[in-house]
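**Q** Below is the sequence, then the predicted model.
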Amino acid sequence: MSALLRVEGLSKHYGRRLGCADVSFDLEAGEVLAVVGESGSGKSTLLSLLAAELQPDRGQVLFRDANGEERDLFALGEAERRLLLRTEWGFIRQDATQGLRMSVSAGGNVGERLMATGARHYGKIRSTAIDWLGRVEIDADRTDDTPRAFSGGMRQRLQIARNLVTHPRLVLMDEPTSGLDVSVQARLLDLVRGLVAELGLAVVIVTHDLAVARLLSHRMIVMKEGRVVETGLTDQVLDDPAEPYTQLLVSSVLAA
Ligand SMILES: Nc1ncnc2c1ncn2[C@@H]1O[C@H](COP(=O)(O)OP(=O)(O)O)[C@@H](O)[C@H]1O
Ligand SMILES: [Mg+2]
């Protein structure tokens, strides 16, 4: 069985500025990969490419679809790509206002994703949505509130429910806990860790926080100036970094 995701030689420039260059990795089903590196190292560029929000200059992203067939992300038609990203894949963004529909109720935010998979029965959609709100610790009596009225931590939990309700096989996460209070971060990370294990999700998580990588990921890649400088099992990379740059990163000499 081939990998769930095969990323080969992805490169992206913004004009003459390098976003990322020659990034390659495989991701197996159920595997959590952390992408770490200081600000400007190309982490978000890589994730935007994986979400097909950017077109690469070079390289490809191959993924195994629900039927077990390997597909080329950038060769999909627009409609097919949108459906994939709304159902089989998820994307949890750093800025919840970009990952949620802020004028739609919490229940609607979750129900909308279900409808993208063909659900039509209002009562069932609503009860599944309420069930998922409960799983991310949002009380049922907030179902009809819009996320505008939610705290930062609640918004992130709502994004998680919205993304996971369709049982995606791959979830992309861009700094899902940064910008939250430390105590809120810890609770959110706990929740994410539990759901990832329970659902057997494959995850690519971008973070500048090595503690997040340590807690959630099996493997990690370290980026610097758009390139991968080190890759390996998370504990191995963090406990015994091979590259001087990773050693600096681990010893917190570099500002995130
Ligand atoms: N829209 C853009 N236009 C021009 N340059 C960009 C754009 N987005 C990112 N970059 C540049 O690409 C490089 C990588 O940025 P980014 O992927 O955002 O890094 P990170 O997420 O690791 O902070 C940086 O030099 C950044 O300035
Ligand atoms: Mg970024």
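**A** All right, it came through fine. Not measured: the values here are computed from a predicted model. Numbering: from 1, shown residues only. Ligands and ions are numbered 1, 2, ... in the order given.

**Q** Keeping just the C-alphas, turn stretch 229-246 into PDB.
**A** Extracted in PDB, the C-alpha atoms of stretch 229-246 (Å, rounded to 0.1, in the frame of the first residue of the first chain):
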ATOM      1  CA  VAL A 229      17.300  20.900   6.700                       C
ATOM      2  CA  GLU A 230      16.400  17.900   8.900                       C
ATOM      3  CA  THR A 231      13.800  15.200   9.100                       C
ATOM      4  CA  GLY A 232      13.300  12.200  11.400                       C
ATOM      5  CA  LEU A 233      11.300  10.800  14.200                       C
ATOM      6  CA  THR A 234      10.200  13.600  16.500                       C
ATOM      7  CA  ASP A 235      11.900  12.300  19.700                       C
ATOM      8  CA  GLN A 236      15.100  11.600  17.800                       C
ATOM      9  CA  VAL A 237      15.300  15.000  16.200                       C
ATOM     10  CA  LEU A 238      14.500  16.900  19.400                       C
ATOM     11  CA  ASP A 239      16.700  14.800  21.700                       C
ATOM     12  CA  ASP A 240      19.600  14.400  19.300                       C
ATOM     13  CA  PRO A 241      19.400  16.900  16.500                       C
ATOM     14  CA  ALA A 242      21.900  16.200  13.700                       C
ATOM     15  CA  GLU A 243      22.000  19.600  12.000                       C
ATOM     16  CA  PRO A 244      23.600  22.700  13.600                       C
ATOM     17  CA  TYR A 245      20.400  24.700  12.700                       C
ATOM     18  CA  THR A 246      18.200  22.200  14.500                       C
END
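
**Q** quick one: the helices in the stretch 101-250 of the chain?
**A** For the stretch 101-250 of the chain, applying DSSP state H, counting those that start in this stretch gives helices covering 106-116, 122-135, 152-164, 182-199, 210-216, 234-239, 244-250.

**Q** Might one say that E112 is in contact with A106?
**A** No - with contact defined as C-beta atoms under 8 Å, E112 and A106 do not form a contacting pair (11.0 Å). Backbone N, C-alpha and C define where each C-beta goes, glycine included.

**Q** Between the two, which has more neighbouring residues?
**A** A106 (30 against 19; other C-beta atoms under 10 Å).

**Q** Now do the same contact list for the closest residue to R169 other than its chain neighbours.
**A** Spatially, and ignoring its direct neighbours in sequence, R169 is nearest to E88 (5.7 Å; C-beta to C-beta, 6 or more residues apart in numbering). In this structure, E88 makes contact with 65-66, 166, 168-170, judged by C-beta atoms under 8 Å, 6 or more residues apart in numbering.

**Q** Output the below-cut-off pLDDT ranges for this protein.
**A** 1, 253-256 (pLDDT under 70).

**Q** So which bits of it are right by ligand 1?
**A** Contact residues (C-beta under 6 Å from any ligand atom) of the chain with ligand 1: 14, 17, 19, 37, 39-45.

**Q** repeat that for 8 Å
**A** With the criterion set to C-beta under 8 Å from any ligand atom, the chain comes near ligand 1 through 14-15, 17-20, 37-48, 174, 206, 208, 223, 225-226.

**Q** Tell me the spacing between the residue of the stretch 151-256 of the chain found nearest ligand 1 and L18.
**A** Nearest residue of the stretch 151-256 of the chain to ligand 1: G226, at 6.2 Å (C-beta to the nearest ligand atom). Per C-beta to C-beta, to the nearest Å, G226 is found 4 Å from L18.

**Q** before we move on, what about G111?
**A** According to C-beta to C-beta, G111 and L18 sit 41 Å apart.

**Q** What about the residue of the stretch 151-256 of the chain closest to ligand 1, how many residues nearby?
**A** 22.

**Q** now swap in I125 and tell me
**A** I125 has 20 neighbouring residues, counting by other C-beta under 10 Å.

**Q** check contacts around it.
**A** 111, 114-115, 119.

**Q** what does L195 give?
**A** When contacts are counted by C-beta under 8 Å, 6+ apart, L195 is found next to 135, 160, 164, 201.
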